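[1] Quick one: sequence and predicted model below, then my questions.
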Amino acid sequence: MTAALRNRGLWLAVVIMGPGVAAGLAAEPPKPKKEPIFISFMTHQENAYIRGIPRQEGRNWTAGPRGYATRAKELIEGWEKHGIKGEYSTMGVALQQLADEYPDVIETIKRLKIPVTRYGGVGHAEPCAVGRLGDLGGMTMDEALRAIWEFETRTLAPNWRLENGRVVIGNPRAGQPITLEELPLYNLPQKETWLYGGTLALEMLLGVIPMDFFQARYQNLGRDEEASAWPLNAVKRALGMGSYPVSMNPGRPHRIGRLPPQLVAANWPRHVPYYMLGGVALGNIQALLSNPGDYRIVWPDPEANQWKPENSALEFFKRTYGVSSFKQVLQMECPLNTIKGLMTPEEKERFQRMLDRFTRKKKAVAEAGAAGWETRLLKEEELREWPEHLMALFEERRDLPAHLRPRQTTLSRENLFAAAQDLLIHWPVSNHDGDFGGPPDYVRAGSTTLSLAETFEALAFALESFVVSERIPEKIVIDEILGPIDYPVYRLKVEPKLDPEKMIGIAGWQPYELDSAHFPDPELVRRQGLNPPSFAPLSVSANEVSVMQAAVAAARRIRENGHVPGSIEIFLPARAAQPGERAPETLMYANSAELLYGMAQVYYLLVRDGMPGPVRMASVKIIEDQICRYVVHSGPASYMGGRFQAEWMNTGFIWRAWVPVWRLNAAWSHKPASR
């Protein structure tokens, strides 16, 4: 036994296989046909910097329009060099800056028929080069639709002004359509093209109607969930978005998180295709192209319907409004009747409810002041007392009637192998705001359906059995248990707030704010699961021995307490390793959902290959229904771009909100009837 294993308290070596392993694998399921991993590259220009202003405070990126435009230029040229395409998602202001700096790139986009999508808003960076959509609170529906139309067709004045070459926050013209004479006041070129904004700016510069952001993704993003674009609001539809069919890529791949494609290709089940977002990096394209059996690089709208003449922006405007130039569209009054005619009754109801919410907030701020609104207290509730052992499910008494004995389930190795496959296929997907995504509602194990608790218990017992006997058990008998009812939770006395006026517009990347005096105990946060230093989930390559050690500990606690343990100690790298490096390990806490995915990977590799290998451990919510957000200290500097402030990046915490015990148990015990 190695010293490393002995030091971790694992008394049997699990990576040194004895002859019994071969016998234990005699009935290994046949390897299924390999399906490809679909890789889609994309870049989204999500910031618009002020021309002529030096590096802005708190930024780590190259400041200025040219620096950001250069990045887009290099990527598009790289796609052409490798004979591929990617999704170019951009905003009107960012495309205008690209056209000013590199007009040849605009022509390259047209020549290659690059798929172009509309990235929301005008960017995250503050102060922004142009104005944002203003507060809709207090407006009627007609007034709000006019404001949105103006935002999607015209460049608006920003909420800053120049004084002696310095940017000063505040501008009485903020949010109003900018005039040709005003453009130089904001360091914008005095050209008529800069009067266009939003979606109409993209259409004017490229001649095509943009698809919605993430429009032509694959049709299956998870269990029985049909992929759909972010809902196009009626104003965008009135500008042509959604007016032509978008061709789709073949198959129904499952979307998985930001994992290394090489790890997925080597270690994961391949009887279904996967979809992965390749990001913007060019360095690994050649490696992917050289392995066509594993990877296929694809892009939205492969038949280029977007670029067909009959689907052009001007053709749409001629058909819909009888105009023949973009200038006429710019000068049009807001087509209210057309927009409202595109809205279903449900859309109108949702839109009105949103306006009512904005109005209530605006009124509350006016009455109580911003400080009073920001520190609104939640209703106090008494904390529950949690018994140490909720149920004793493993008693040996023989006089218990049948209805008081735990229900038992027997799972074959094939059943559990299928369950591990199903979990890996449905990996939780995170977003930009610290929401890591949670486990699926249930797990399919062939023709059998398992709850999360049953799956966790079976995997923990199977790995424990392997550690002890060096054999994969032919079957596992599990008892009825409760979910992770001892998962550490807490209540915040003050609710974290999201202030869209202070933050970064409508495009995402929005941290919630809370005075640091109300931050929870860091140790309690640490025990809730794998915590990254910022909003993106922690994702590290883990030693399989660490996962099996945690599985043995979890199996012991299940027998002692009769429920899935809420969190388990595990040794993991504190950060992702650099190439050729072994990152130092530290003691962390994985919640039961995170360990569930680690155990599924180890068991899958054991059955498939007869040898466990490194696995990927990533931050996951305990249940999908849990609120999970990245929270930073509130302060007046937040208008400078929220979490992009360098001093904020690593000073917040992941808020995994309070969940009642009954809901934890219900989520982990749920399963529909087996097929």
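    Right, received. Where do you want to start? Numbering: from 1, shown residues only.

[2] okay, and the helix or strand of this structure with the least pLDDT?
    helix 3-7 (a mean of 36; mean pLDDT, DSSP states H and E).

[3] can you pull out the strands in the stretch 51-200 of the chain?
    Along the stretch 51-200 of the chain, the stretches classed as strands by DSSP state E, counting those that start in this stretch are 87-90, 116-118, 160-163, 166-169.

[4] So which elements touch the second one?
    It stands for strand 116-118. strand 87-90, helix 198-206, strand 211-212 (3 or more CB pairs under 8 Å, 6 or more residues apart in numbering; DSSP states H and E). Using the backbone N, CA and C atoms, a C-beta is placed for each residue, glycine as well.

[5] low-scoring stretches of the stretch 1-150 of the chain, by residue?
    1-32, 54-68, 125-126 (pLDDT under 70).

[6] closest to residue 239 out of the helices and strands packed on strand 116-118?
    helix 198-206 (4.9 Å; CB to CB).

[7] Contacts for the closest one, please.
    With CB atoms under 8 Å, 6 or more residues apart in numbering as the contact definition, helix 198-206 has outside contacts at 90-93, 95-96, 99, 106, 109-110, 116, 118, 122, 151-155, 193, 196, 208-210, 236, 239-241, 313, 326, 329-330.

[8] wait, which of the strands of the stretch 51-200 of the chain is closest to residue 614?
    If you check each of the strands of the stretch 51-200 of the chain against residue 614 by CB to CB, strand 87-90 wins as the nearest, at 31.0 Å.

[9] And the contacts of the closest one?
    So strand 87-90 is contacted by 40-45, 72, 76, 98, 109, 114-119, 202, 213, 216, 299-300 (CB under 8 Å, 6+ apart).

[10] From residue 211, how far off is residue 311?
    11 Å (CB to CB, to the nearest Å).

[11] neighbour-wise, which of the two wins?
    Comparing residue 311 with residue 211 by other CB atoms under 10 Å, the one with more neighbours is residue 211, at 24 against 18.

[12] Which strand residues bridge that one?
    residue 117 (DSSP bridges).

[13] Is it correct that residue 478 falls within a strand?
    Yes: assessed with DSSP: H, G, I helix; E, B strand; the rest coil, residue 478 lies in a strand.

[14] count of neighbours near it?
    23.

[15] List the contacts of it.
    Per CB under 8 Å, 6+ apart, neighbours of residue 478: 408, 409, 411, 454, 457, 458, 461.

[16] same question, residue 554
    Going by CB under 8 Å, 6+ apart, the list of residues near residue 554 reads 456, 460, 564, 565, 568, 592, 595.

[17] What helix or strand is it located in?
    helix 544-561 (DSSP states H and E).

[18] Sort out which residues of that helix are buried, please.
    For helix 544-561, a neighbour-count test (16 or more other CB atoms under 10 Å) marks 544-555, 557-558, 561 as buried.

[19] Please state the offset of that helix from the chain centre?
    29 Å (CA atoms, centre = their mean, to the nearest Å).

[20] Name every strand pairing with the next helix or strand after that helix and say which way it goes.
    Under the assignment DSSP H and E, the closest C-terminal helix or strand after helix 544-561 is strand 567-573. Take DSSP bridges as the rule and strand 567-573 pairs in its sheet with strand 585-591 (antiparallel).

[21] Show me what the following helix or strand past the partner strand is packed up against.
    Sequence order places helix 592-609 as the next helix or strand after strand 585-591, per DSSP H and E. Here helix 592-609 touches helix 261-267, helix 413-425, helix 452-469, helix 544-561, strand 567-573, strand 615-618, going by 3+ CB pairs under 8 Å, 6+ apart.

[22] Just want the angle from the helix holding residue 554 to helix 592-609.
    Per axes from the mean of the first three to the mean of the last three CA atoms, to 10 degrees, the angle that helix 544-561 makes with helix 592-609 is 120 degrees.

[23] Run a quick neighbour tally on residue 308.
    Around residue 308 there are 13 residues (other CB under 10 Å).

[24] Leaving out the residues flanking it, which one is nearest to it?
    With sequence-adjacent residues excluded and distances taken as CB to CB, 6 or more residues apart in numbering, residue 308 is closest to residue 244, at 7.6 Å.

[25] mind listing what the closest residue to residue 483 other than its chain neighbours touches?
    Closest residue in space to residue 483, ignoring its immediate chain neighbours: residue 668 at 2.8 Å, by CB to CB, 6+ apart. By CB under 8 Å, 6+ apart, residue 668 lies in contact with 451, 452, 453, 456, 482, 483, 484, 564, 592, 623.

[26] Can you give me the distance of the last one to residue 669?
    Between residue 623 and residue 669 the distance, using CB to CB, works out to 11 Å.

[27] So which of these two has more stuff around it?
    Higher neighbour count among residue 623 and residue 669: residue 623, with 23 against 17, using other CB under 10 Å.

[28] Could you pull up phi and psi at that one?
    Residue 623 adopts backbone torsions of phi -140, psi 160, taken as degrees, to the nearest 10.

[29] so it sits right up against residue 439, yeah?
    Yes: the pair residue 623 / residue 439 is scored as a contact, 7.1 Å apart, by CB atoms under 8 Å.

[30] Can you work out which residues contact both of the two?
    With CB under 8 Å, 6+ apart, residue 623 and residue 439 have common neighbours residue 593.

[31] could you measure the residue nearest to residue 483 against residue 537, distance?
    In terms of CB to CB, residue 668 sits 20 Å off from residue 537.
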